[in-house]
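Engineer: One predicted model, sequence on top.
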Amino acid sequence: MTEPERWRELGQQLRVDSIRAAAVTKSGHPTSSMSAADLMAVLLAKYLRYDFDRPDNPGNDHLVFSKGHASPLLYSLYKAAGAISDEELLTFRTFGSRLEGHPTPAIPWVDVATGSLGQGLPYGVGIALAGKKLDRLPYRVWVLHGDSEMAEGSVWEAFEHAAFYGLDNLTVILDVNRLGQRGETMHGWDLDSYAERARAFGWHAVEIDGHDVEAIDRAYGEAAAEQGVPTVIVAHTLKGKGVKEVEDKPGWHGKALDHPEEAIAELGGERNIVVQVAKPEGGEPHRFEAGGPLELPDWELGEEVATRRAYGDALAALGSARGDVVALDGEVSNSTYAEIFAEAHPERYFEMYIAEQQMVAAAVGLQVRGWVPFASTFAAFFTRAYDFIRMAAISQANIRLCGSHAGVSIGEDGPSQMALEDLAMMRAVHGSTVLYPCDANQTAKLVAEMADREGIVFLRTTRAATPVVYGADDEFQIGGSRVLRQGDDVAIVAAGITLHESLKAADRLIAEGIDARVIDLYSVKPVDGETLRAAADATGGRVLTVEDHWAEGGIGDAVLEALSDGEAPARVVRLAVREMPGSGKPAELLAAAGIDAEHIAEAARTLVGAAVSAR
């Protein structure tokens, strides 16, 4: 059997096994798998360099299925490589199986979870960045991409960044099978429309028949030889290729075949080809030297420093102590102060411009290779990348996000720049950590804590300079809080900018004979339930929360959840932003929202007065 004949047989085997896998639960996407089978057969048999016994081998290529619904094809590849058994293949989509409907890193050969379309290529850009700029190893990143998902804006963010960074180690295999979920795609089989746009973005583009294995072979060779630019292989394919009942027919997306036995017979029956996948060459990844023990910056008590500035200073110091720390920013580094890191460690800084989806995806891709990424932008703009953030949790990714310019306290820029939902959205991410420091020393300590924290870690920073209230030697445990004023009449719980307003309010109240306990809830998730419940018990259940955030999903709700576990009932009054803000000075906007010191003091008086009246 010649090599091309073997590739054709392997392609048929991948189609048959995709049909068999989907037949188990009568669900899945076999037709989407069948269109790309020949493309993947040639890749597996000749071009992929991967040690399936050592998925952590730093020289391994990376294969990302951006069209994650074609998971039957991916799992059939694993079977063909000898990585899984036929018995495991037939557990596809069953409860408890690691072969889920869309791939996740529960499987050791999967780098990132895919299935939300338009994300695989942006992740691939991050992995390719790691290979070319950081690891400096010759591994390649192969992305199987669907034609329907080319409509996603995140894809074009990725195309632009890949060309800008000269990622010639990245190849996109575009499976143009014409049919999406509900019918024909925007461009159908117009291969030129895809190729010309890719070329306009600075890519090398090759148009082929995606079922001609010899043409596929030539295209992969061309991609591997291309220097200085990424390559996209635009492949004309047929959805459901090889089975007349479904080939190039609409209405079969996401459906198992009605007659799998007949379809398998039509494809020539079951096969059991096992491919000896080529292993990568040896070599260790480049690592940057560490500069010794961590020496965080510190500030004097009473000094006024913006926490966003402290983030930049602390991140640069962390980068000096640790060679694995990298930073990304969305073209606002002079506001987030990530520019301090960029100036200190330019070889580990990546400018993502105004492309927040690509920025988060690149962070996920970088951590695949063991790097420790910190990504920053205005907190409001992380909403644009929220799907990437939630998918990062499914990917079991460890990334650190810093959102600056939070709340009405940013002032004159107005509501389009004010993050007022960021705490809620980040708290909702599975396994996330949400931190909201109030001063520079606290920020620096929390940045250091973030570096080794698993999962999605979000730090909210403030635009305005705020007074330093903690000493440089103070330590801050994630999941903790700090009681800054003692009192048993009422507990005021705040963080960030409203912590300072709460301290002012407490000073006013003490002069009136009201002892207010002030709690700095710098760890919004996980929350310090023990301290909160103790405060509620000590104050007779009188708790006041204050936040520069919408009333839904932020500090107030975190406190309510924590107190719901308490034995004694608590009356929680929540001060938050409830009306759409406009432009104005920070003090004006805090007052208008009812979250400044005066309104906090008034709410505390009312809460204490109500308790006295009740007695």
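Structural biologist: Alright, I've got the coordinates. Residues are numbered from 1 along each chain as shown.

Engineer: what's the distance between G471 and N441?
Structural biologist: Relative to N441, G471 is positioned 7 Å away (Cβ to Cβ, to the nearest Å). All C-beta spots, glycine's among them, are computed from the backbone N, C-alpha and C.

Engineer: Neighbour count for the two, which is higher?
Structural biologist: Taking neighbours as other Cβ atoms under 10 Å, G471 and N441 compare with N441 leading, 28 against 11.

Engineer: Tell me how many other residues surround the closest residue to the more buried one other than its chain neighbours.
Structural biologist: The shortest distance from N441 to any non-neighbouring residue, by Cβ to Cβ, 6 or more residues apart in numbering, is to Y470 (4.7 Å). Residues lying near Y470 (other Cβ under 10 Å) number 24.

Engineer: what do you get for the one 3 residues further on?
Structural biologist: A total of 8 residues lie near D473 under the criterion other Cβ under 10 Å.

Engineer: what do you get for D86?
Structural biologist: 12.

Engineer: Spit out the contact partners of the closest residue to G496 other than its chain neighbours.
Structural biologist: Nearest non-adjacent residue to G496, counting by Cβ to Cβ, 6+ apart: Y436, 4.6 Å away. Neighbouring residues of Y436 by Cβ atoms under 8 Å, 6 or more residues apart in numbering: 423, 459-460, 495-496, 521-522, 524, 555.

Engineer: Mind doing that once more with 6 Å?
Structural biologist: Residues in contact with Y436 (Cβ atoms under 6 Å, 6 or more residues apart in numbering) are 460, 495-496, 522, 524.

Engineer: re the thing from before, what's the pLDDT at the residue nearest to N441?
Structural biologist: Reported pLDDT at Y470 in the predicted model: 98.

Engineer: Return the distance of the residue nearest to Y349 when sequence neighbours are not counted relative to R6.
Structural biologist: Closest residue to Y349 apart from its sequence neighbours, by Cβ to Cβ, 6+ apart: A342 at 4.0 Å. In this view, A342 and R6 are 50 Å apart by Cβ to Cβ.

Engineer: Comparing those two, which residue is more hemmed in?
Structural biologist: Taking neighbours as other Cβ under 10 Å, A342 and R6 compare with A342 leading, 22 against 15.

Engineer: CA atoms of the top helix by length along the chain as CSV?
Structural biologist: Scanning the chain for the helix with the most residues, using DSSP state H, yields helix 3-25. The C-alpha coordinates for helix 3-25 follow below in CSV (Å, rounded to 0.1, in the frame of the first residue of the first chain):
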residue,chain,number,x,y,z
GLU,A,3,1.6,6.2,1.5
PRO,A,4,-1.3,8.2,-0.2
GLU,A,5,-3.4,5.0,-0.2
ARG,A,6,-2.7,4.5,3.5
TRP,A,7,-3.8,8.1,4.2
ARG,A,8,-7.0,7.5,2.3
GLU,A,9,-7.7,4.4,4.3
LEU,A,10,-6.9,6.2,7.5
GLY,A,11,-9.4,8.9,6.5
GLN,A,12,-12.1,6.3,6.0
GLN,A,13,-11.3,4.8,9.4
LEU,A,14,-11.7,8.2,11.0
ARG,A,15,-15.1,8.6,9.4
VAL,A,16,-16.2,5.2,10.4
ASP,A,17,-15.1,5.7,14.0
SER,A,18,-16.8,9.1,14.2
ILE,A,19,-20.0,7.5,13.1
ARG,A,20,-19.6,4.6,15.6
ALA,A,21,-18.8,7.0,18.5
ALA,A,22,-21.9,9.2,17.8
ALA,A,23,-24.1,6.1,17.4
VAL,A,24,-23.6,5.2,21.1
THR,A,25,-25.8,7.9,22.5
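
Engineer: Present the contacts of Y436 as JSON lines; the columns should include secondary structure and pLDDT.
Structural biologist: Output for these, formatted as JSON lines (DSSP: H, G, I helix; E, B strand; the rest coil; pLDDT from 0 to 100):
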{"residue": "R460", "secondary structure": "strand", "pLDDT": "98"}
{"residue": "A495", "secondary structure": "coil", "pLDDT": "98"}
{"residue": "G496", "secondary structure": "coil", "pLDDT": "98"}
{"residue": "Y522", "secondary structure": "coil", "pLDDT": "98"}
{"residue": "V524", "secondary structure": "strand", "pLDDT": "98"}
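
Engineer: Could you dump those into TSV with neighbour count and distance to G202 added?
Structural biologist: Listed next are the contacts of Y436 as TSV, based on neighbours: other Cβ atoms under 10 Å; distance: Cβ to Cβ, whole Å:
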residue	neighbour count	distance to G202
R460	30	36
A495	29	44
G496	31	42
Y522	28	44
V524	27	42
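
Engineer: Out of these, flag the one nearest to Q367.
Structural biologist: For these, the closest approach to Q367 (Cβ to Cβ) belongs to R460, at 21.0 Å.

Engineer: mind listing what the closest one touches?
Structural biologist: With contact taken as Cβ under 6 Å, 6+ apart, R460 is in contact with 379, 403, 406, 436.

Engineer: Please name the bridge partners of it.
Structural biologist: G403 (DSSP bridges).

Engineer: repeat for A516
Structural biologist: Taking DSSP bridges as the rule, A516 bridges to V490.

Engineer: what about the protein, any weak spots by pLDDT?
Structural biologist: Within the chain, the stretches with pLDDT under 70 are 566, 568, 610-615.

Engineer: helices or strands next to the longest strand seen in the chain in the packing?
Structural biologist: Assignment by DSSP state E gives strand 542-550 as the longest strand of the chain. Counting contacts by 3 or more Cβ pairs under 6 Å, 6 or more residues apart in numbering; DSSP states H and E, strand 542-550 is packed against strand 490-494, helix 497-511, helix 555-563, strand 571-577, helix 597-614.

Engineer: Out of the ones you listed, indicate the one that is most buried.
Structural biologist: With neighbours defined as mean count of other Cβ atoms under 10 Å, the helices and strands packed on strand 542-550 peak in mean count at strand 490-494, which reaches a mean of 30.

Engineer: Residues contacting that strand, please?
Structural biologist: With contacts defined as Cβ under 6 Å, 6+ apart, strand 490-494 is touched by 502, 516-519, 521, 535, 539, 542-546, 559, 604, 607-608.

Engineer: the inter-axis angle of it versus strand 542-550?
Structural biologist: Orientation of strand 490-494 against strand 542-550 (axes from the mean of the first three to the mean of the last three Cα atoms, to 10 degrees) gives an angle of 20 degrees.

Engineer: what about dumping the CA coordinates of strand 490-494 to CSV?
Structural biologist: Only the C-alpha atoms of strand 490-494 are listed here, as CSV (Å, rounded to 0.1, in the frame of the first residue of the first chain):
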residue,chain,number,x,y,z
VAL,A,490,-23.1,48.3,63.4
ALA,A,491,-20.8,46.5,60.9
ILE,A,492,-19.8,48.3,57.7
VAL,A,493,-18.4,46.0,55.0
ALA,A,494,-16.6,47.6,52.1
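
Engineer: Can you get me a residue count around A385?
Structural biologist: Neighbours of A385 under the rule other Cβ under 10 Å: 25.

Engineer: how about it, secondary structure?
Structural biologist: Three-state call for A385 (DSSP: H, G, I helix; E, B strand; the rest coil): helix.

Engineer: Just to check, it is in contact with A362?
Structural biologist: No: with contact defined as Cβ atoms under 6 Å, A385 and A362 do not form a contacting pair (10.7 Å).

Engineer: residues making contact with stretch 496-511?
Structural biologist: By Cβ under 6 Å, 6+ apart, the residues outside stretch 496-511 that reach it are 409, 436, 438, 462, 466, 485, 492, 494, 516, 518, 520, 546-548, 595-597, 600-601, 604.

Engineer: Could you rerun that using 8 Å?
Structural biologist: By Cβ under 8 Å, 6+ apart, stretch 496-511 touches 307, 406-407, 409, 436-438, 460, 462, 464, 466-467, 469, 484-485, 487, 489-490, 492, 494, 515-516, 518, 520, 546-548, 575, 590, 595-598, 600-601, 604-605.
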